[in-house]
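>>> Attaching a predicted model along with its sequence, questions to come.
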Amino acid sequence: MKSNSQRQAKSCYGLVVGIGGYGDKRISPLSFTSNDARSFYDLLVDPKRAAFPKENVKLLLDDEATRFHIEDAISGWLFEHSSPDSTVVIFFAGHGGTEPDKTQQEVDGVAKYLLPWDTNKDNLFASAISTNKFSELLKTVAAKRQVIFLDACHSGGVVSKGARDIGVDPYAHLAQGEGRLMIAAAKANQLSYEVPELGHGIFTHHLLEALQGAADFNGDGQVTALEVFRYLQEKVPQTAREMARSHQEPLLQGDAISQDITLTVDAAALARRDAERARAEEARRMQLSTRSVKLTELTHAGEMPLAVAQEGLALLTSEPGKLSEDEQTLRDLLLSVLDGHVSSASYLKARERIRIEPVPVPPALQFCINCGAKLKPGLSFCMNCGVKLTR
């Protein structure tokens, strides 16, 4: 039988883009973006982690990552396959760039771009994907849960250092839209670094760590988007200081912040948790069966009327937090009776003294008071031993 996480993964889709060398050789090459993308792809399809079906994840590397292919993957492939109940994850590792805004729509007069493989350095407007355009593409995707990871900076030999300090959030547009969360490698005016010692961009290196379980702060076997960002906030600046001698701080934007999104799971940890829950449930069932047998013995011995025993079993099977103060007192006292610390007679006297209203007995008990067998709803006698179940 497939788990809920496996069934839910069928509605998850991923687009992974990594561009190292560009068609326009004037754009400086990047060393580890393709490796970043491959590693992220492998994590998404890992059945022990994200468990995305391979057919649900599209990987575009280097010359495959043209402007058309990227835009078509979003407005074509994701548009056709995802639904409102889907989760879509997009990862981009490559160059970003800026140039004077030709549309005169940007407040600061600077247009921001993600650079596909076939970008022409002389005209980003005609060959790259603006953040405004990228946002419009994302609006074609019906998925209510969208998470975008961007390991890119707006520099990379495309523009001068002066133009790089744009003083605004270059990714603000990408975070607009229902249920969309964007985590970028660096804040405005900062660069995203890659270092040979890691074989990855600093951001992606720690992103992979986070998704592989390092960000599971509450130990529930699941890693959420906000846990990922918390981990990146701690690790990326530290590594950037130590290995790049610079500042790099991840950026979080979006309107899904209050609706955290689970991205990966630890299948082994969840299996252990499920096994522990199963053992606890079995122990609870055995304990209840033992107590049911004890109640039956008290009934047969004439120490406790059948109706009172049934009432007591109802108390034992109820959630303690939903019991009234008097009901909880009776339940605790009954447990003491079953443990041999209090006599049945003392319980009956206390029951008459503290009970104001009759303690309700469920219309259908879960277990037989006589033999402990599981009861079928609606019956007034036990199918296993025949004892009458009514008060």
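That came in fine, so what should we check first?
>>> Now do the helices in this protein.
Along the chain, counting by DSSP state H, helices occupy 4-9, 33-45, 67-72, 79-81, 124-127, 131-138, 161-164, 202-209, 225-239, 267-300, 306-317, 325-338, 344-354.
>>> shaky segments in the stretch 1-150 of the chain?
1-9 (pLDDT under 70).
>>> do the stretch 151-300 of the chain as well
In the stretch 151-300 of the chain, residues with pLDDT under 70: 153-178, 255-259, 268-272, 274.
>>> Just send the helices of the chain back as a markdown table, with mean neighbour count and distance to residue 53 too.
For glycine as for every other residue, the C-beta is placed from the backbone atoms N, C-alpha and C. Formatted as a markdown table, those follow (neighbours: other CB atoms under 10 Å; distance: least, CB to CB, whole Å):
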| stretch | mean neighbour count | distance to residue 53 |
| --- | --- | --- |
| helix 4-9 | 14 | 7 |
| helix 33-45 | 22 | 8 |
| helix 67-72 | 17 | 20 |
| helix 79-81 | 14 | 11 |
| helix 124-127 | 17 | 33 |
| helix 131-138 | 20 | 22 |
| helix 161-164 | 12 | 40 |
| helix 202-209 | 24 | 20 |
| helix 225-239 | 20 | 20 |
| helix 267-300 | 14 | 15 |
| helix 306-317 | 20 | 41 |
| helix 325-338 | 17 | 48 |
| helix 344-354 | 14 | 58 |
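>>> Can you check which of those gets nearest to residue 90?
Closest to residue 90 of those is helix 131-138 (CB to CB; 8.0 Å).
>>> thinking again about what came up before, can I get the helices of the chain in a markdown table with distance to residue 186?
What follows is these, written out as a markdown table (distance: least, CB to CB, whole Å):
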| stretch | distance to residue 186 |
| --- | --- |
| helix 4-9 | 30 |
| helix 33-45 | 15 |
| helix 67-72 | 21 |
| helix 79-81 | 30 |
| helix 124-127 | 19 |
| helix 131-138 | 14 |
| helix 161-164 | 11 |
| helix 202-209 | 7 |
| helix 225-239 | 8 |
| helix 267-300 | 32 |
| helix 306-317 | 56 |
| helix 325-338 | 55 |
| helix 344-354 | 65 |
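>>> which stretch among those comes nearest residue 98?
Per CB to CB, nearest to residue 98 of these: helix 161-164, 5.6 Å.
>>> coming back round to it: residue 23 is nearest to which of the helices of the chain?
helix 124-127 (9.5 Å).
>>> Report the separation between residue 333 and residue 314.
15 Å (CB to CB, to the nearest Å).
>>> Ok, residue 189 next?
66 Å.
>>> and what of residue 299?
From residue 299 to residue 314 the distance is 15 Å (CB to CB).
>>> go on, residue 188?
62 Å.
>>> Name the nearest residue to residue 142, sequence neighbours excluded.
Sequence neighbours aside, residue 84 is the residue nearest to residue 142 in space, at 5.1 Å (criterion: CB to CB, 6 or more residues apart in numbering).
>>> Need the pLDDT of the nearest residue to residue 303 once chain neighbours are set aside.
Nearest non-adjacent residue to residue 303, counting by CB to CB, 6+ apart: residue 344, 4.0 Å away. According to the prediction, residue 344 has pLDDT 91.
>>> Check whether residue 344 really touches residue 305, as I assumed.
No: counting by CB atoms under 8 Å, residue 344 does not reach residue 305; the two are 10.1 Å apart.
>>> For beta bridges, what are the partners of the residue most central in space within the chain?
Taking CA atoms, centre = their mean, the centroid of the chain lies closest to residue 262, which sits 1.0 Å from it. Note on residue 262: beta-bridge partners by DSSP bridges are residue 224.
>>> ok, now which ones touch it?
With contact taken as CB atoms under 8 Å, 6 or more residues apart in numbering, residue 262 is in contact with 222, 223, 224.
>>> how close does it get to residue 182?
17 Å.
>>> Likewise for residue 23?
27 Å.
>>> who has more neighbours, these two?
Neighbour totals were compared for residue 23 and residue 182, and residue 182 leads with 25 against 15 (other CB atoms under 10 Å).
>>> Does the more buried one touch residue 225 like I think?
No: contact criterion CB under 8 Å: residue 182 and residue 225 do not qualify, at 9.9 Å.
>>> and for those two, which residues touch both?
In contact with both residue 182 and residue 225: residue 147, using CB under 8 Å, 6+ apart.
>>> one step back: can I get the contacts of residue 262 in JSON lines with distance to residue 253 and neighbour count?
Listed next are the contacts of residue 262 as JSON lines, based on distance: CB to CB, whole Å; neighbours: other CB atoms under 10 Å:
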{"residue": "222", "distance to residue 253": "23", "neighbour count": "19"}
{"residue": "223", "distance to residue 253": "20", "neighbour count": "25"}
{"residue": "224", "distance to residue 253": "16", "neighbour count": "19"}
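>>> Which member of those residues is positioned nearest residue 337?
Once CB to CB is applied, the member of the contacts of residue 262 that ends up nearest residue 337 is residue 222, at 41.9 Å.
>>> between the helices of the chain, which gets nearest to residue 15?
helix 67-72 (7.9 Å).
>>> Run through who's touching the closest one.
15, 17, 60, 116, 118, 119, 127, 128, 129, 133, 137.
>>> same thing but 7 Å
17, 60, 116, 118, 127, 129, 137 (CB atoms under 7 Å, 6 or more residues apart in numbering).
>>> Please report how far the closest residue to the last one other than its chain neighbours lies from residue 306.
By that I understand residue 137. In space, and not counting its chain neighbours, residue 137 is closest to residue 74: 4.4 Å by CB to CB, 6+ apart. Distance, residue 74 to residue 306, by CB to CB: 68 Å.
>>> go on, residue 10?
Where residue 306 is concerned, residue 10 sits at a distance of 51 Å (CB to CB).
>>> So which residues of the stretch 1-150 of the chain form strands?
12-18, 57-61, 87-93, 96-100, 110-114, 129-130, 145-151 (DSSP state E, counting those that start in this stretch).
>>> Make TSV out of the ones you listed and add distance to residue 195.
Converted to TSV, the strands of the stretch 1-150 of the chain look like this (distance: least, CB to CB, whole Å):
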stretch	distance to residue 195
strand 12-18	17
strand 57-61	21
strand 87-93	14
strand 96-100	19
strand 110-114	22
strand 129-130	27
strand 145-151	13
